[in-house]
Structure formats: C-alpha cells, structure tokens
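*Asks:* generate coordinates for the sequence data below:
(one chain, ligands or ions: 1)
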Amino acid sequence: MYDFSYHRPSDLDAAAAIVGAHDDYKLLAGGMSLIPSLKMRLARYPGIVDLSGLDALRGIRRSGTTLLIGAMTAHAEVAASAEVAGAIPALAVLAEGIGDPLVRNRGTIGGSIANADPAADYPAALLGLDALVITNRREIGADDFFLGLFETALEPGEIITAVRFPIPQAAGYCKYPQPASRFALAGVFVSKLAECVRVAVTGAAPRVFRLEDAERALGGNFHPAAIERLAVAHDGLNSDIHASAQYRAHCVAVLAARAVAAARHAQG
Ligand SMILES: Cc1cc2nc3c(=O)[nH]c(=O)nc-3n(C[C@H](O)[C@H](O)[C@H](O)COP(=O)(O)OP(=O)(O)OC[C@H]3O[C@@H](n4cnc5c(N)ncnc54)[C@H](O)[C@@H]3O)c2cc1C
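*Replies:* Take a look at the predicted model:
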C-alpha cells in the first residue's frame, strides 16, 4: 500500500468539502473493491475519505410507491430487510446472492454502483427497475448512470447518497454465478412497472444494458412463453476464460425467461 492521508468525516457536508477540494482523493465505502486495489498497489490516491461515519447514508425507507436505500447500506441489510421483502422481494434475492457473507456484510449498494463492475448484480436492479441515483448534487436516472466498463456518470468528488426504486407490480432476478467469485457470468433483472416492462442484463457485456426485444414481447404478455423464441445477439458480448459470447447470449435468453417466471411466482 502506498501512503495516503485518511479522513473520516461525520457528516455529508464535511465529506463533500474534502473531496470537493481534492479531486484526486478517493471515497471509501465497504472497501471490498477499493482496499484490495490499494493493498496490491494497483491504485494510488493521496487521500482516502471514509464514508463509514455518515449515518445519514444508511438505512431503508418505504414511502408511498418508492423504496429508498441509503448508499452506505450493506448488501446483508438489504437481503434481511422486511421493508425490501415486502416492496421488492427480487431485490432481497439479488442482495442475498452477492459474493459471500463477508462481502455482504461490508459491501454497500453505493460502492457497488459507483464501481460499475460489468458483472455486478445491483446495476441490473437499478436499470431493470428504472431507479434514480441520488447524489449530493443531483438525481441521475439509471439509463444515464452506467456509461461503460467501470465507468459511471459520477463527476469527480460527487457522492452517492441513496438510490430510489419505484415499487413494481412484479420483479424477478436470475443470475448464473461464476462459481468462484459468485459474480454474474450473466444475470437478468425483469420488472413489470405501471407503464412498462423493463429487462436489464448484467455480466454479459462491458456494461449493464436493456434487452428491448424482450421488453416489447413481455409488454404484451408478461409470461416466459412470450420470450421463448428470444434470440439474443452475441455481437459485443464478453468472451473470456469463463464463457464465450455465444454462451453468454444463450444464458441471457434462458435467465430472462426464468426471471419472468420468478417475478410471476413472487406476485402470487
Ligand atoms: C470476493 C468478492 C466477491 C464479490 N462478489 C460479488 C457478486 O457476486 N456480486 C456483486 O455485485 N458484487 C460482488 N462483489 C463486489 C461487492 O459487492 C462490493 O459491492 C463492491 O466491491 C464495492 O462496494 P464497497 O461498498 O465495498 O465499495 P468500495 O470498495 O469502498 O468502493 C468502490 C468504489 O466506489 C466508490 N464509492 C463508494 N461509495 C461511494 C459513494 N457513496 N459515492 C460515490 N462513490 C462511491 C469508491 O470511491 C470506489 O471507487 C464481490 C467482491 C468481492 C471482494
């Protein structure tokens, strides 16, 4: 690890002031991605701003037709939350399937989406539910948030404070986990909202994306049968030691149908 100055502010304004004054400083949430990169000297920052003292960034609150999850809320809290289970059970399923207990206890929703790992689970939920990312400066729709491989719309020094999810009529998530890491080799989040159906895919491409053919088909008939002949193009999909692009395309079609079945099952 290279030397750095360490800051642990106790409120958002103080945190924003530090990163606002030093745009080469890095925010620290659960540390599940950042700490290993520091330990292995893959990254070097002159200062680290630890968000763990910002209690206002923690917690889960249902209000009307939305569910608000603070950026510093750990995956394990989302998985165990009665509010989440009651409003969006697919989100609890997704959180429970992230990594292992250590990762779920330390890793946060804010850190996960800021990191924008192409195989992370939460980006699929944000895009699949048309969620809003709330920062200390603005609100960003999920369609505009994930820009590329480990790349988001966040500006230097911008802090995610929460994510607001609309509560859908039905939602389901299904992933094929890479056996060692549990990250998604491919994963599909499907939701039926009041005005449309959304289908988001993670793990298959450099960034999370929507499957518009499936959205159209499911908009007319929210049933796995509506997408049983879905042909997913493999152009632009990831090909690596774990799976070819063709294999991932096949997985996406299978997982999409299973996610719809899970959504229908959860709906009762
Ligand atoms: C062994 C292992 C297995 C894993 N398996 C999975 C898996 O199956 N599925 C999955 O989705 N993920 C998986 N992860 C990733 C994990 O879920 C973490 O969410 C992720 O590593 C980052 O979250 P964090 O809270 O630890 O953030 P950190 O590591 O602290 O930070 C990550 C990045 O986000 C930035 N950041 C953090 N918080 C904010 C904020 N509030 N505003 C702006 N920027 C911020 C940091 O500056 C940094 O750039 C795994 C990780 C490990 C180590």
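*Asks:* residues of the stretch 1-150 of the chain that sit close to the ligand?
*Replies:* 26-34, 51, 71, 98-99, 103, 106-108, 110-112, 114-115, 120-122 (CB under 6 Å from any ligand atom). In this view, the C-beta of every residue, glycine as well, is placed from N, C-alpha and C.
*Asks:* count the residues that sit near residue 45.
*Replies:* Neighbourhood size, residue 45 [other CB atoms under 10 Å]: 18.
*Asks:* OK, contacts around the closest residue in space to residue 59 that isn't next to it in sequence?
*Replies:* Nearest residue to residue 59, sequence neighbours excluded (CB to CB, 6 or more residues apart in numbering): residue 70, at 4.8 Å. Listed by CB atoms under 8 Å, 6 or more residues apart in numbering, the contact partners of residue 70 are 56, 57, 58, 59, 60, 109, 110, 161, 162.
*Asks:* buried subset of those, written for PyMOL?
*Replies:* Here is the PyMOL selection string for the buried members of the contacts of residue 70, based on 16 or more other CB atoms under 10 Å:
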select buried, resi 57+58+60+109+110+161+162
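*Asks:* residues contacting the residue nearest the centre of the chain?
*Replies:* For the chain, the residue whose C-alpha lies nearest the mean C-alpha position (CA atoms, centre = their mean) is residue 122; its distance is 1.8 Å. The contact partners of residue 122, by CB under 8 Å, 6+ apart, come to 94, 98, 109, 112, 113.
*Asks:* could you redo the last one with a cut-off of 6 Å?
*Replies:* For residue 122, the contact set (CB atoms under 6 Å, 6 or more residues apart in numbering) comprises 109, 112, 113.
*Asks:* swap in residue 264?
*Replies:* Contacts of residue 264 by CB under 6 Å, 6+ apart: none found.
*Asks:* right, I'll leave it there.
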